[in-house]
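**Student:** the sequence and its predicted three-dimensional model are supplied below.
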Amino acid sequence: MSVLAHPLRKYMRKHVTVTTTCPGCGNGIVTQAILESIDELELDMDDFVFVSGIGCSAWIPSPLFAADTLHTTHGRPIAFATGVKLCLPEKNVFVASGDGDLTAIGGNHLIHACRRNIDLTVVLVNNGIYGMTGGQTAPTTPRGVTTITHPYGTLEHTFDICAMVAAAGASYVARWTTYHPRQLKQAIKKGIQKKGFAMIEAVSQCPVQFGKVTKMGNAVDILKHFKKNSIPIGKAKDKEPAQLEGKIVVGEFVDQEKAELASEWTRLSAQLMEK
Ligand SMILES: Cc1ncc(C[n+]2csc(CCOP(=O)(O)OP(=O)(O)O)c2C)c(N)n1
Ligand code: SF4
Ligand SMILES: [Mg+2]
């Protein structure tokens, strides 16, 4: 009996045959969206450097992707990616990591990369929790949810990551959920093609930790929740904040052209060398 190969298997390292991901985790859908984007854009994995931090979502590119991958320390993928992009400006430098990694311990790196408008593509997997370490409160955990670090319910408000990244100056900002894999893929394709800082927030399901603490149930239940509660940005614009409570506003928030750090840096270096 012949075994059919997955059409995206060619983008994965041959010796990697197991995954750390739990059954039903949204990371599989995000992985597929990233690899399909590269496939449809007909780009070469050799032209990419993938960078991730620490967390379940940080396992998306590493060790799976057959490319240069940097699995860095918690909160620091954007700092590493910034260094890579400035040294190798011709590369597509791609960060995939979690909401805790990129908005808690790594929050400052995120906003300053937006401000600098360095040409990185960031897929920020927002599962609303610290998944890998057992379900602690993240800056994205809905207020009132009981977690292992907030046994009486978290009193903290959550970040609107897209609003924060847009305000910090990113060139491209979009949000989709794992219920919207095609739109997610299209946004990732635009993010890769954008010359500037691009952040795509992928709202994703962690049935094991988030599903447990919110009592939202399994992966299918959480996907149904995404389906029911997502609202396109065009419709959300006419609503009052109270009407958007608990809703996930999806779509493109920013798509603009502006001066980009790595190319400005390259231009300045060449100019100084001539003197
Ligand atoms: C300096 C440091 N602090 C804390 C940790 C423990 N730690 C590892 S991953 C993680 C949170 C991961 O959450 P997130 O980025 O949302 O990823 P997920 O597992 O949910 O995909 C934490 C707190 C660490 N590895 N290093
Ligand atoms: S703990 Fe959650 S985020 Fe981590 S692999 Fe399992 S389902 Fe995914
Ligand atoms: Mg998380």
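**Tutor:** Alright, I've got the coordinates. Ligands and ions are numbered 1, 2, ... in the order given.

**Student:** what about residue 135, how many residues nearby?
**Tutor:** Residues within reach of residue 135, counting by other Cβ atoms under 10 Å, total 23. Yep, even glycine has a C-beta here, placed from its N, CA and C like the rest.

**Student:** now the helices for the stretch 151-275 of the chain?
**Tutor:** 161-168, 181-193, 210-214, 219-229, 233-236, 261-274 (DSSP state H, counting those that start in this stretch).

**Student:** tell me which of these lies nearest to residue 62.
**Tutor:** Residue 62 lies closest, by Cβ to Cβ, to one member of these: helix 181-193, at 17.5 Å.

**Student:** what helices or strands is the closest one leaning on?
**Tutor:** Counting contacts by 3 or more Cβ pairs under 8 Å, 6 or more residues apart in numbering; DSSP states H and E, helix 181-193 packs against helix 27-40, strand 120-126, strand 172-177, strand 198-203, strand 248-255.

**Student:** in a markdown table, list the helices of the stretch 151-275 of the chain along with mean pLDDT and distance to ligand 1.
**Tutor:** Compiled in a markdown table, the helices of the stretch 151-275 of the chain are given as follows (pLDDT from 0 to 100; distance: least, Cβ to the nearest ligand atom, whole Å):
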| stretch | mean pLDDT | distance to ligand 1 |
| --- | --- | --- |
| helix 161-168 | 98 | 12 |
| helix 181-193 | 98 | 16 |
| helix 210-214 | 93 | 8 |
| helix 219-229 | 98 | 14 |
| helix 233-236 | 97 | 24 |
| helix 261-274 | 95 | 25 |
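
**Student:** tell me which of those lies nearest to residue 107.
**Tutor:** Closest approach to residue 107 among those (Cβ to Cβ): helix 161-168, 8.5 Å.

**Student:** give me the angle between the closest one and strand 198-203.
**Tutor:** 160 degrees (axes from the mean of the first three to the mean of the last three Cα atoms, to 10 degrees).

**Student:** compute the distance between the spatially closest residue to residue 217 that is not a sequence neighbour and residue 18, please.
**Tutor:** Spatial nearest neighbour of residue 217, excluding adjacent residues (Cβ to Cβ, 6 or more residues apart in numbering): residue 211 at 5.9 Å. Separation of residue 211 from residue 18 (Cβ to Cβ, to the nearest Å): 23 Å.

**Student:** between these two, which is the more surrounded one?
**Tutor:** residue 211 (20 against 5).

**Student:** quick one: residues contacting the more buried one.
**Tutor:** When contacts are counted by Cβ atoms under 8 Å, 6 or more residues apart in numbering, residue 211 touches 205, 217-219, 221-222.
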